[in-house]
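Q: After the sequence you'll find the predicted model.
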Amino acid sequence: TLASADLSELLADAPPPDSAQRTVATPPDYLDDDAPVPPPLVEPAPPTGMTGPIAVTAWDALIPPATDDAVADTVSPASPPATEAADGNRVAAAEPEASEAPNGGPAQAQTVTDSSAASPVTAAPATPAAVPARDGDAPARGPRAFALEQSALEPTPEALRAGRAVRLFWLWFAVNASLLTVAVGALLVSDGASLRQAVLAALAGVALSAFLLGVVTRTGRWSGQPTIVVGRATFGTLGNAVPASLAIAVRVVWAAALAFLLGIGVAEVPAAAGTIAPSQYPLIASGVAVATVLVGGALAVVGFDAVARLGAIVAPVSGILAVGVIVLTAPEVDLAAALRIPDGSWALPLNGAVLVLSVVGLAWVSSGGDLVRYQARSASGTAAALWTAAGVALPALGLLAWGALLAASSSTTAGEMVANPVGAIAALVPGWYAAPLIAALVLSTLAGVTLSLYSGGFAVLTVGPAAPRWVGVVVAGVFALAGAVALTLLGDGVAG
């Protein structure tokens, strides 16, 4: 037996191998071809349902590739080599005893090289079986176009949560781009506030509204449920009936009020131009109010896809038409006269901020999470909140400030805008802009009515028995229709 030092000296003095020598060990000549040989190592087939941290397609990477310097397979001790006895018969050699190296470790096996022997053949690894795709691997596709929405109070399925945050900007822009907001800005000045106080009140109210709706949007994205359902975590299932009932009243009354204002607004435009008789005014106002509730209710029954598509169309069109109104009424602005109005009590900006917060923010707070339920879970919650805040703030703040500026420029205009906002605006724009003005009123108000009924349907399901989502929308729509007709027939805008 050679020691380690002796082996090192022999190897150091040995000449370099020539090209005829092999680097892979070959079996010795005394092995018989018929002798039992261990079966080749075959890679096991991977399980078809493997879902661990190591992908099933990475089996080849787990086995190191063979190289020219690799040592040949060692014969298993279970089948020792055969030797030739003195009488010429071949007998099996005795199994060698295990020996230890000088350092106490296992003895290394000695290999024999032969330049004439062929290199061993290795078996190719088995091809892994195909793994079926899991349900969670399928990409989210969102709700189908114009298909009846099935999701109600339960969390929105992951396969349908494919919305982007920017879509929230168009939804909230469409709701807040109504020209009726100009009347609220005029009301701030009519109460006795100066122009800067009115603008300050509008800025504070809009900022609080955008922040509030942004927070509610993040909550709805986390849960994937309507806002009124999330309230159960705070009030409990039974205690949540009180805020749910309040949400029903707010949504129904707000939808009826918007339809009523749109009815008298549309009737006011031809009445200001003198193209209709006074007897036709109630008929036109009632017909427009009823049609608004019916169309908005039908879109809300279809579901979120219809609401989202309506917002994507209404937002840019209403924005362009609102800019047209601002441009056409710009000659009526008297900035010098507006700035001469003295400051009133500083309680007026506080009251004005509360008014703006109620119209822009609190009126829609119960609907904030309803529009973000289809937001992708991987999307940024901060981005969703920021796009919501931008969609609320940009149109609302611009229209409020413009209404305050028009009212501060002329006390006569201020009184007319408070008493009859649509008629006052129709009197300020040229006659050829009557049709675009009506379109601006109809589109933005229709978006608000649709969203009110869509959200009101969830509130109805929360306090009622289990039912499909569209049933709740129909119930809310019936009450809103009755309220719109009552306001139109009995309101001062018609009966007076």
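A: That came through, no problem.

Q: which other helices and strands contact the biggest helix by length in the chain?
A: Looking across the chain with DSSP state H, the single longest helix is helix 241-273. If contacts are counted by 3 or more Cβ pairs under 8 Å, 6 or more residues apart in numbering; DSSP states H and E, helix 241-273 sits against helix 227-230, helix 280-302, helix 421-428, helix 434-463, helix 469-490. C-beta coordinates here come from the backbone N, C-alpha and C atoms, glycine included.

Q: can you list those helices in JSON lines and add mean pLDDT?
A: Converted to JSON lines, these look like this (pLDDT from 0 to 100):
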{"stretch": "helix 227-230", "mean pLDDT": "78"}
{"stretch": "helix 280-302", "mean pLDDT": "91"}
{"stretch": "helix 421-428", "mean pLDDT": "86"}
{"stretch": "helix 434-463", "mean pLDDT": "91"}
{"stretch": "helix 469-490", "mean pLDDT": "90"}
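
Q: of these, which approaches residue 348 most closely?
A: Nearest of the helices and strands packed on helix 241-273 to residue 348, taken as Cβ to Cβ: helix 421-428 at 20.1 Å.

Q: do you know which of the helices and strands packed on helix 241-273 lies nearest residue 193?
A: helix 421-428 (17.8 Å).

Q: Only the buried residues of stretch 381-398, if you could.
A: 381, 384-398 (16 or more other Cβ atoms under 10 Å).

Q: among the residues you listed, which are in helices?
A: Counted as lying in helices by DSSP H, out of these, are 381, 384-398.

Q: Can you tell me which of those residues lies closest to residue 214?
A: For these, the minimum distance to residue 214 (Cβ to Cβ) is 3.6 Å, reached by residue 385.

Q: what sits against the residue nearest to that closest one when sequence neighbours are not counted?
A: Closest residue in space to residue 385, ignoring its immediate chain neighbours: residue 214 at 3.6 Å, by Cβ to Cβ, 6 or more residues apart in numbering. Residue 214 makes contact with 385, 386, 388, 389, according to Cβ atoms under 8 Å, 6 or more residues apart in numbering.

Q: what about residue 214, distance to residue 287?
A: 38 Å (Cβ to Cβ, to the nearest Å).

Q: so where's this protein shaky on pLDDT?
A: 1-146, 163, 233, 491-496 (pLDDT under 70).

Q: picking up where we left off before, tabulate the helices and strands packed on helix 241-273 (JSON lines), appending distance to residue 190 and mean neighbour count.
A: Putting the helices and strands packed on helix 241-273 into JSON lines (distance: least, Cβ to Cβ, whole Å; neighbours: other Cβ atoms under 10 Å) gives the following:
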{"stretch": "helix 227-230", "distance to residue 190": "34", "mean neighbour count": "24"}
{"stretch": "helix 280-302", "distance to residue 190": "24", "mean neighbour count": "21"}
{"stretch": "helix 421-428", "distance to residue 190": "11", "mean neighbour count": "22"}
{"stretch": "helix 434-463", "distance to residue 190": "21", "mean neighbour count": "25"}
{"stretch": "helix 469-490", "distance to residue 190": "23", "mean neighbour count": "20"}
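
Q: Nearest to residue 347, out of those?
A: The nearest among these, by Cβ to Cβ, is helix 421-428 at 24.7 Å.

Q: Now do that closest one: everything it contacts.
A: Here helix 421-428 makes contact (Cβ under 8 Å, 6+ apart) with 179-180, 182-183, 186, 261, 264-266, 268-269, 271-273, 325, 328-329, 332, 406, 413, 416-417, 434, 437, 441.

Q: May I see the buried residues of the strand or helix carrying residue 310?
A: Secondary structure assigned from DSSP states H and E places residue 310 in helix 304-329. Buried residues in helix 304-329, defined by neighbour count with 16+ other Cβ under 10 Å: 304-308, 310-311, 314-315, 317-319, 321-322, 325-326, 328-329.

Q: ditto for stretch 331-338
A: Within stretch 331-338, the residues that count as buried by 16+ other Cβ under 10 Å are 333, 338.

Q: Could you tell me the end-to-end distance of it?
A: One end of stretch 331-338 sits 14 Å from the other (Cα to Cα, to the nearest Å).

Q: Packing partners of the helix holding residue 310?
A: helix 166-176, helix 280-302, helix 381-409, helix 421-428, helix 434-463.

Q: which residues sit in contact with residue 184?
A: Contacts of residue 184 (Cβ under 8 Å, 6+ apart): 355, 356, 359, 400, 403.

Q: what's the neighbour count on the second one?
A: Same thing as residue 356. Neighbour count of residue 356, defined by other Cβ atoms under 10 Å: 29.

Q: Pull up the gap between the nearest residue to it once chain neighbours are set aside and residue 257, please.
A: Nearest residue to residue 356, sequence neighbours excluded (Cβ to Cβ, 6+ apart): residue 205, at 2.6 Å. For residue 205, the distance to residue 257 equals 19 Å [Cβ to Cβ].

Q: Those two: which has the busier surroundings?
A: Using other Cβ under 10 Å as the criterion, residue 205 and residue 257 rank with residue 205 on top: 26 against 20.

Q: Would you mark the buried spots in whichever strand or helix holds that one?
A: Here residue 205 sits within helix 195-223, counting by DSSP H and E. Using 16+ other Cβ under 10 Å as the test for burial, helix 195-223 gives 195, 197-210, 212-214, 216-221, 223.

Q: what's the distance between residue 399 and residue 422?
A: 13 Å.

Q: Then residue 441?
A: Counting by Cβ to Cβ, the separation of residue 441 from residue 422 is 7 Å.

Q: which non-adjacent residue is nearest residue 304?
A: Nearest non-adjacent residue to residue 304 (Cβ to Cβ, 6+ apart): residue 149, at 5.4 Å.

Q: Ramachandran angles for the one you found?
A: Main-chain torsions, residue 149, degrees, to the nearest 10: phi -70, psi 130.
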